[in-house]
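Student: Provide a 3D model corresponding to the input given below.
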Amino acid sequence: MSMPMTLSFCYIALLWLREPVTLSDLLRFVIDGHIPYLNAFQYFPEEMKLYGVDLKIFHVESWPVYEDVHNKMSELAAFLDLPRFPAITDSCFLHPNILCIKYLMEANLPDELHNWTCRVVKKINAGETDFLTLDPVNKSARKVKYDVLAAAIIIVVLKLLFLLDDQYEWLLANLAGKRNQKNKEGCLWFDFKKWYKIIKKSVDVEQKKLDEERARCLWKCEKPLFYSAKEKSVVLKKRQMVVNLQRQFGALSGSRQVAEKQSPSSFQLNWAEENTDGNCFHGHILEGVLQEKGNSLTTMNTKYWLCTVKLCNEKICGQLTHYKESNFPQSYQFVLNLFSFLLRVPASLIHEEVCLIEHKLFKTKLHRK
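Tutor: Model (predicted):
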C-alpha cells in the first residue's frame, strides 16, 4: 500500500459513497496540503515508530498523477473483486449534467450553455447509468473520468457555438461588443473577447501563486526519516544545515511569511454576480450566436472542425490521440488550458476526451467518409 495506492483506495471509497468530490478535487487537496500525503508520517502519534521497509512507503518525492491514480483505482477495484458500484443517476453530483454546471460557473461562462451541454450529453448517451457507473467485473467497460468528461463536453459546446478557429469567435465578439455599447440596459450579449481577457488575467495570477507555492515546497520535513541508529546523527546534521540555509536565504531575499492555509474548497475561481465591474458572465445571453429554427433554437454557426478525423489504436500507440499545440487554433488551446488548470490535469488528457465525444457526436458523417 504505497501512498498513490492509498490515495486510489480513498477514491474508491468516495465513488462507492457517491460523495461530491471528483478525482481532480482529491488530488488538488493533496497538493494544497489539506490531505496528508507528502511526509504523511509526521502526523503519526509518538507511539507509532517506523522501521525498515515501512519507511519506503512514506518516502514520497513527487505529487500524485491523475492517470496513475485513476488506473490504480481500477486495478484495485478489480483485485478486491468489488461488485457493481451504486448507480450514478441524474441526481448524483458526478453526473455530467451536474458537473457541467459546476465547471460553467467556475469558468465564468453563461448559464444558457448548460442547455447545450445537456443536449450533447443526451446525444452521445453520456448520461446513461450503465455508462457512468463503475463495474469492476466488466473489464470491457470504460472507466469514466467524470471531471474530464464534463470539461470536454463544455469545450465541444463552445466549438459548436463559437467554432474556436481564431476567426469566427472574434467576429461574434465584435458584434456583441458593439451591441452592448449601444444597449447597456437589459441582458448583455456574451462577448468572447472580453471573457478571454478577464479569464486570462485571473488564471495568470492564480498560476503564479501556484508556481510560487510549489517552488517553496519542502520535500524533506522537519521530522526526518532515518533507517538505523547509525544514520540518525548524519541525517539530523544535514537537516540542520538545510534549516540554517533556508533561514539565511529568507533573510537575504526579504521573503514574507507564508499566509495561513485556507480551508479546502471545490471552487478555485469565484465570480460574484453582484459585482459592478462586469467581470461575471453567468447572466449574459447567447443572442447573436443562436437562431430560431421552427420551434427550437439552433446555432448560427453551421461549420465544425474535428480535432482528429481518425483515432489511434490505443494498444499500439498507448493513447487514442496525440496533442501538439502548434496544430490547433489559439482559442482552442486557451479553453483547453483553462480547464487543464482548473482540473490540474494535462491538456492532452482533456483533448483526448474531446476527440472521443466528437467521434460519437459525428459518427454518421465520419462513417460516410
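
Student: Now Leu297. Its backbone dihedrals?
Tutor: For Leu297, the backbone dihedrals (degrees, to the nearest 10) come out as phi -100, psi 140.

Student: Once you drop chain neighbours, what's closest to it?
Tutor: Beyond its immediate neighbours in the sequence, the residue positioned closest to Leu297 (Cβ to Cβ, 6 or more residues apart in numbering) is Leu290, lying 4.7 Å away. Placement of C-beta: from N, CA and C, glycine included.

Student: give the contact list for the one you found.
Tutor: Applying Cβ atoms under 8 Å, 6 or more residues apart in numbering, we find Leu290 in contact with 161, 297-300.

Student: partners of it in the sheet?
Tutor: Partner residues in beta bridges with Leu290, using DSSP bridges, are Glu287, Thr299.

Student: Okay, buried residues for stretch 167-174 please.
Tutor: When burial is assessed from 16 or more other Cβ atoms under 10 Å, stretch 167-174 yields the following buried residues: 168-169, 172-173.

Student: Next up, the contacts around Pro4.
Tutor: For Pro4, the residues meeting the contact criterion (Cβ under 8 Å, 6+ apart) are 64, 68-69, 72.

Student: CSV please, covering those residues and showing pLDDT and distance to Met241.
Tutor: Output for these, formatted as CSV (pLDDT from 0 to 100; distance: Cβ to Cβ, whole Å):
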residue, pLDDT, distance to Met241
Pro64, 92, 30
Asp68, 94, 34
Val69, 94, 35
Lys72, 94, 36
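
Student: Looking at those, which is nearest Thr89?
Tutor: Taking Cβ to Cβ as the measure, Thr89 sits nearest to Val69 out of the contacts of Pro4, at 24.9 Å.

Student: just to revisit the earlier point, please report how far the residue nearest to Leu297 lies from Ile154.
Tutor: As for Leu290, its distance to Ile154 is 17 Å (criterion: Cβ to Cβ, to the nearest Å).

Student: repeat for Glu358
Tutor: 13 Å.

Student: what do you get for Gly186?
Tutor: From Gly186 to Ile154 the distance is 26 Å (Cβ to Cβ).

Student: Looking at these two now, which is surrounded by more residues?
Tutor: Per other Cβ atoms under 10 Å, whichever of Gly186 and Ile154 has more neighbours is Ile154, with 26 against 7.

Student: Wait, the more buried one touches Met105, no?
Tutor: No - no contact is recorded between Ile154 and Met105 when judged using Cβ atoms under 8 Å, the distance being 11.1 Å.

Student: Give me the domain ranges for the protein.
Tutor: Split into domains by automatic domain parsing, the chain comes to 1-82, 88-220+281-369.

Student: could you dump those to a markdown table with distance to Leu252?
Tutor: As requested, these are exported to a markdown table (distance: least, Cβ to Cβ, whole Å):
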| stretch | distance to Leu252 |
| --- | --- |
| domain 1-82 | 26 |
| domain 88-220+281-369 | 15 |
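
Student: for those, which one sits closest to Gln262?
Tutor: Using Cβ to Cβ and comparing those, the one that lies nearest Gln262 is domain 1-82, at 8.6 Å.

Student: now the closest one, how far from the centre of its chain.
Tutor: Averaged C-alpha coordinates place domain 1-82 at 18 Å from its chain's average position (Cα atoms, centre = their mean, to the nearest Å).

Student: CSV for the buried residues of stretch 167-174, including pLDDT and distance to Gln248?
Tutor: Written out in CSV, the entries for these read as follows (pLDDT from 0 to 100; distance: Cβ to Cβ, whole Å):
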residue, pLDDT, distance to Gln248
Tyr168, 94, 56
Glu169, 94, 51
Leu172, 93, 56
Ala173, 94, 51
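
Student: how about these, which pair is most distant?
Tutor: Tyr168 and Ala173 (9.7 Å).
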